[in-house]
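K.L.:
no FASTA, just this:
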Ligand SMILES: [Zn+2]
């Protein structure tokens, strides 16, 4: 069965957001592993193709939140700094191992509502 194409919604107030949605609906968006010899990348745009490496963005968030759990007394700034450092220290193979483990361990949750100050 073909995937249902998302409907282009008319959102008010942010014209760049509407233009981005229209651009997104053009397709040619690919999820894949992207490597770079000296830095980690979240994505790349080559010609009309957009590539997204989910490992980088997911691991950025995952390492950050795991550090909060592991070191509850650390400040937000320290957790942010240490999680960025941890990701920068990972080899491509380690990132892929973490990504595969995340794919195995993650469980879906309907939603989490945070309050102001959380
Ligand atoms: Zn945080």
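P.N.:
Here it is on my side, so go on. The structure displayed is predicted, hence computed values, not measured ones.
K.L.:
the domain parsing of this protein - what is it?
P.N.:
Per the record, the chain has its domains at 18-52, 54-104, by automatic domain parsing.
K.L.:
Can you tell me which of those is packed in deepest?
P.N.:
Using mean count of other Cβ atoms under 10 Å, the stretch among the domains of the chain with the largest mean neighbour count is domain 54-104, at a mean of 13. Using the backbone N, CA and C atoms, a C-beta is placed for each residue, glycine as well.
K.L.:
For the residue nearest the centre of the chain, which residues are in contact?
P.N.:
Centroid check for the chain by Cα atoms, centre = their mean gives residue 57 as the closest residue, at 2.8 Å. Listed by Cβ atoms under 8 Å, 6 or more residues apart in numbering, the contact partners of residue 57 are residue 42.
K.L.:
residue ranges for the strands of the chain, please.
P.N.:
With DSSP state E as the criterion, the chain has strands at 29-31, 43-46, 49-52.
K.L.:
Residue 115 is nearest to which of the domains of the chain?
P.N.:
Closest to residue 115 of these is domain 54-104 (Cβ to Cβ; 16.7 Å).
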